[in-house]
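1. Fold the stuff below for me.
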Amino acid sequence: MTKPKMSFVHRLAWYCLLLMVFLIPWGEGLYDGAAKVMAMPTIALSLVMVVLEGTHRRFFAFNFFALLLGVWYLVGVWWAPDLEWAKEIVKTYVMLILMSFMFTYLINSEYKFRWIYQAYVLGALAATGIIFNNYLNGITGPYYNRYTVENIETDNMAILLSFGIPLAVWLYTQYQQWWLKLLNVMAIPIIFYGIFLTGTRTGLVTGMLGMMYLAFTQRKASFNLKMIYVGGAIGAAIAVISLAPPESVERIFSIGKALQSGDLNHREVLWAKSLSVWLDNPILGNGTGSLGYVLNPLHEDFKWAHNAYVQILAENGLIGLLIYLAMIGSLLYYITKCGIENQIFLFTLWVTIAISQMTLHSQNLKEVWFIWSLIGIHGYHYSHKFAKARRGH
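-> Prediction:
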């Protein structure tokens, strides 16, 4: 695979981006905001590149709707009851939009896809190592005796690790060198073990999506090889469950009981009350960052709804939710235009976020926007490559 030619500024921006992506899954434990700190010079260098080398033409609907969402959040400040908090939310979205531009600007070739995905997988392995070390030393997170990286919320940590599994699987299918294939296939059970240590039920579901993608990629393997895979999967599952703390295993496997009883750690109450305050202003919402304020009279001391869609609906109304759904829905267009291998890979990442956001308020996380951007630019690149190959035939 040919390495693209890069100017000095381009190369410097690229190396900063690689370091930033490597830090995303674990850098907060090193320094609170480490990845964000790395994002600043990367964005600045990207803007310098725009001036020196010109912009690119790989913008697509995702970029447009992301910008539109940011504008709507800004408009929502006008009737927000908590002006200072609303300003903080808007600042976050400005940063996320700039990051999405940076990702789609710098990650523009198959060579770069591999390096970026590998940086994230290595970061996920580093995060798992930190979590395992915390487990050995009895350093738990703030909730339910679960384990995470410092400064990263436990549920979010599980989702960040979940992203690493399909990325590792894709790299495993792409590399020819045996040691790189081995590195990435071994990363899969290790990262899955990290998810178990977080004790996150949503993480189990999203982690299993990555495992299903792995099974899909091996659908054409010989019968003997499939038997080896099944044996390895059973062995890995037994090892993961045996080595994980009993509390985490018990909590993860309580997902069925929790769904049956309707006990989702108070989430169902938050959702009901958030929807009730949404009805006060269904079209425009109650204002950017308003949820904590409007829930307070209902005796709820939460700023977050633990559901991205409910959160957006309550704060920014039906208009805000439709823009958000259009943004993430636009990615499906390019996914469907790819070949089947890339379709399943990208759809796995897409569904991982879509499902996780049913129980998490991750719509303003840089990690999630990183994956959204990757889905867009990867889908754009490979859909055009697939279309060109079909025309060639």
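2. could you pull out the helices for the stretch 1-150 of the chain?
-> Assigned by DSSP state H, counting those that start in this stretch, the helices in the stretch 1-150 of the chain fall at 8-23, 27-30, 34-53, 61-76, 83-106, 110-136.
3. Mean confidence (pLDDT) on the helix or strand just after the longest one, please.
-> Heading C-terminal from helix 110-136, the first helix or strand you meet, by DSSP states H and E, is helix 154-174. This predicted structure assigns helix 154-174 an average pLDDT of 96.
4. Select, out of the helices of the stretch 1-150 of the chain, the one closest to residue 320.
-> For the helices of the stretch 1-150 of the chain, proximity to residue 320 was assessed by C-beta to C-beta; helix 61-76 is nearest, at 5.5 Å. (C-beta placed from N, C-alpha, C; glycine too.)
5. Kindly state the pLDDT recorded for the closest residue to residue 332 other than its chain neighbours?
-> Nearest residue to residue 332, sequence neighbours excluded (C-beta to C-beta, 6 or more residues apart in numbering): residue 350, at 7.1 Å. Residue 350 is assigned 97 on the pLDDT scale.
6. Just give the number of residues close to residue 350.
-> A total of 20 residues lie near residue 350 under the criterion other C-beta atoms under 10 Å.
7. Just confirm it contacts residue 329, I think it does.
-> No - in this structure, residue 350 is not within contact of residue 329 by C-beta atoms under 8 Å, at 9.7 Å.
8. how close does residue 70 sit to residue 101?
-> Per C-beta to C-beta, to the nearest Å, residue 70 is found 11 Å from residue 101.
9. whoops, residue 166 was the one
-> Distance, residue 166 to residue 101, by C-beta to C-beta: 24 Å.
10. The two: who's more crowded?
-> residue 166 (28 against 21).
11. for residue 16, what are its contacts?
-> Residue 16 makes contact with 38, 41, 42, 45, according to C-beta atoms under 8 Å, 6 or more residues apart in numbering.
12. Could I have the CA atoms of stretch 130-150 written out in PDB?
-> The C-alpha coordinates for stretch 130-150 follow below in PDB (Å, rounded to 0.1, in the frame of the first residue of the first chain):
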ATOM      1  CA  ILE A 130      -5.100   0.200  33.000                       C
ATOM      2  CA  ILE A 131      -8.400  -1.200  33.900                       C
ATOM      3  CA  PHE A 132      -6.900  -4.600  34.700                       C
ATOM      4  CA  ASN A 133      -4.300  -2.900  36.900                       C
ATOM      5  CA  ASN A 134      -7.000  -1.100  38.700                       C
ATOM      6  CA  TYR A 135      -8.800  -4.400  39.300                       C
ATOM      7  CA  LEU A 136      -5.700  -6.000  40.700                       C
ATOM      8  CA  ASN A 137      -5.200  -3.100  43.100                       C
ATOM      9  CA  GLY A 138      -8.800  -2.800  44.100                       C
ATOM     10  CA  ILE A 139      -9.200   0.700  42.500                       C
ATOM     11  CA  THR A 140     -12.800   0.800  41.600                       C
ATOM     12  CA  GLY A 141     -14.800   3.400  39.700                       C
ATOM     13  CA  PRO A 142     -17.500   5.500  41.400                       C
ATOM     14  CA  TYR A 143     -20.400   3.100  40.700                       C
ATOM     15  CA  TYR A 144     -21.200  -0.500  41.700                       C
ATOM     16  CA  ASN A 145     -17.600  -1.600  42.400                       C
ATOM     17  CA  ARG A 146     -16.900  -1.400  38.700                       C
ATOM     18  CA  TYR A 147     -13.500  -0.700  37.000                       C
ATOM     19  CA  THR A 148     -12.600   2.000  34.500                       C
ATOM     20  CA  VAL A 149      -9.900   4.400  33.500                       C
ATOM     21  CA  GLU A 150      -9.700   7.500  35.800                       C
END
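13. Now that stretch: buried residues?
-> By neighbour count on 16 or more other C-beta atoms under 10 Å, the buried set for stretch 130-150 is 130, 131, 132, 134, 135, 140, 141, 146, 147, 148, 149.
14. which intervals of the protein have sub-threshold pLDDT?
-> 1, 55-59, 144, 240, 248-249, 252-265, 392-393 (pLDDT under 70).
15. Longest helix in it, by number of residues?
-> Ranked by number of residues, the top helix in the chain under DSSP state H is helix 308-336.
16. how big is the angle separating it from helix 61-76?
-> 160 degrees (axes from the mean of the first three to the mean of the last three C-alpha atoms, to 10 degrees).
17. Would you mind pulling the contact partners of the helix or strand that helix 308-336 is followed by?
-> Using DSSP H and E, the helix or strand that follows helix 308-336 in sequence is helix 340-356. Contacts with helix 340-356, where a contact means C-beta under 8 Å, 6+ apart, come from 159, 162-163, 166-167, 169-170, 173, 202, 205-206, 209-210, 212-213, 216-217, 328, 331-332, 334-336, 338, 362, 368, 371-372, 374-375, 378-379, 382, 386.
18. then helix 340-356 to PDB, C-alphas only?
-> Backbone C-alpha positions of helix 340-356 (Å, rounded to 0.1, in the frame of the first residue of the first chain) are rendered in PDB as follows:
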ATOM      1  CA  ILE A 340     -20.600  -6.300   1.600                       C
ATOM      2  CA  GLU A 341     -17.400  -6.500   3.600                       C
ATOM      3  CA  ASN A 342     -17.300  -2.800   4.300                       C
ATOM      4  CA  GLN A 343     -21.000  -2.600   4.700                       C
ATOM      5  CA  ILE A 344     -21.000  -5.000   7.600                       C
ATOM      6  CA  PHE A 345     -18.000  -3.400   9.200                       C
ATOM      7  CA  LEU A 346     -19.400   0.100   9.100                       C
ATOM      8  CA  PHE A 347     -22.900  -1.000  10.000                       C
ATOM      9  CA  THR A 348     -21.400  -2.700  13.100                       C
ATOM     10  CA  LEU A 349     -19.900   0.600  14.200                       C
ATOM     11  CA  TRP A 350     -23.100   2.500  13.400                       C
ATOM     12  CA  VAL A 351     -25.300   0.100  15.400                       C
ATOM     13  CA  THR A 352     -22.800   0.000  18.300                       C
ATOM     14  CA  ILE A 353     -23.400   3.800  18.700                       C
ATOM     15  CA  ALA A 354     -27.100   3.700  18.000                       C
ATOM     16  CA  ILE A 355     -27.800   1.100  20.600                       C
ATOM     17  CA  SER A 356     -25.500   2.500  23.200                       C
END
